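Asks: got a sequence here, can you build the structure:
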Amino acid sequence: MARAGGTVEQLARLLLHPEHEGGRHAQVIALRSGHARARGYVERVWATALALVESTTDVASRGEAHEVLARLRERIETTAWRGERGRTALRVLRAHLNFAQAAGGRLHFASERQAAEEAGISRQTLRQAYELVLKPGGWLRRLRVGYGTEGSTWYLADGPADQQRAGVSRDQPSQCHPDGELGEWSTPETDSGADVDSRVIALLMAHDAFAHNALGSSALMVIGALHARPAQVPAELVVTASLSRATVYRTLARLESHHLVQRIGSGWSLIRGPSLLQPSSVGL
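Replies: Numbering: from 1, shown residues only. Have a look, this model is predicted:
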């Protein structure tokens with residue numbers, strides 16, 4: 001409404017209308033504390049929105065929004081995610097990138113269950129990755145917790161360097177402008193020496209073959225781990241690919257059936273060849 005030239009009066013009427021779900025919080029304030037208190041809340045939200053509009057630029061088309069997401073995907077995939085916690089955070093970010101791609105912008109909706117299934121992890125592991133890595137690192141924000149069948153509202157940010165506010169696209173929500181005081185994030189998750197090859201993951205992750213109902217993200221992580229260090233036994237892949245032992249065995253069997261990996265002794269390696277990173281090699 002701020003970008004379209006609306007007024008605070010129009011916003012207040014919209015949010016306080018009893019049939020408008022988006023105004024639930026303002027309606028609760030009006031019910032508990034009176035209309036004047038609710039109007040004050042709306043005016044504060046409106047002032048934040050106006051300030052954001054003045055400091056950002058428009059994304060004129062869906063194509064431009066996808067370009068923004070493509071640059072963000074490249075930034076994520078060129079970051080070294082070390083250790084099991086870092087690799088799990090990468091899987092969560094890839095899941096949210098898929099949701100954002102479908103939504104057409106950084107702002108998107110997904111329940112914890114959907115995000116956990118897309119990332120191939122438990123909901124508890126998902127929460128830990130968000131609270132310990134992604135939220136403090138400035139990669140992902142949950143703007144609103146979902147209820148019932150309603151998914152949570154998420155925003156994909158730019159990570160540690162997100163304190164630069166200039167040039168933020170219009171799909172950034174006014175409810176949660178990126179915090180300018182995040183500072184430099186120098187935890188082990190961004191240290192060098194990742195156990196998966198992010199370049200290979202970046203090349204393959206967009207292909208339909210690695211979607212949730214196809215080979216899946218677990219196959220992507222195994223390929224990235226074996227490309228970084230061949231001849232790993234399943235116990236090693238549990239750590240380097242951040243997967244459970246059962247998932248490792250199932251994934252290796254699936255990749256072997258597609259002639260992407262081979263067993264040599266007790267270890268597993270990628271089947272080398274010029275077509276490994278070509279779409280035809282994964283049945284596209």
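Asks: and the strands in the stretch 151-284 of the chain?
Replies: When secondary structure is read from DSSP state E, counting those that start in this stretch, the stretch 151-284 of the chain shows strands at 152-156, 261-264, 267-270.
Asks: and the ones you listed, which is most packed in?
Replies: Taking mean count of other Cβ atoms under 10 Å as the contact definition, the stretch among the strands of the stretch 151-284 of the chain with the greatest mean neighbour count is strand 152-156, which reaches a mean of 21. Every residue, glycine included, has its C-beta placed from N, CA and C.
Asks: and it, what's its mean pLDDT?
Replies: Across strand 152-156, the average pLDDT comes to 89.
Asks: show residues contacting that strand.
Replies: 69, 72, 93, 96-97, 99-100, 106-112, 139-146, 172-173, 176 (Cβ atoms under 8 Å, 6 or more residues apart in numbering).
Asks: which SS class is Phe109?
Replies: The assignment at Phe109 comes out as strand when based on DSSP: H, G, I helix; E, B strand; the rest coil.
Asks: list the beta-bridge partners for it.
Replies: When bridges are taken as DSSP bridges, the partners of Phe109 come out as Thr153.
Asks: quick check: it touching Phe99?
Replies: Yes. The criterion here is Cβ atoms under 8 Å, and Phe109 meets it with Phe99 at 7.4 Å.
Asks: next up, the contacts around Tyr249.
Replies: When contacts are counted by Cβ under 8 Å, 6+ apart, Tyr249 is found next to Pro234.
Asks: tell me the confidence at Arg13?
Replies: Looking at Arg13, its pLDDT is 90.
Asks: do the one 4 residues further on as well
Replies: In the prediction, the pLDDT value recorded for His17 is 88.
Asks: how much space between it and Tyr41?
Replies: Here His17 is placed at a distance of 15 Å from Tyr41 (Cβ to Cβ, to the nearest Å).
Asks: OK, contacts around the closest residue to Arg245 other than its chain neighbours?
Replies: Computed as Cβ to Cβ, 6 or more residues apart in numbering, the closest residue to Arg245 that is not its neighbour in sequence is Val238, at 5.3 Å. When contacts are counted by Cβ under 8 Å, 6+ apart, Val238 touches Ser244, Arg245, Val248.
Asks: now, of those residues, which are buried?
Replies: For the contacts of Val238, a neighbour count by 16 or more other Cβ atoms under 10 Å gives the buried set as Val248.
Asks: before we move on, the earlier item: Gln232: which of the strands of the stretch 151-284 of the chain is closest?
Replies: Closest of these to Gln232 is strand 267-270, at 5.7 Å (criterion: Cβ to Cβ).
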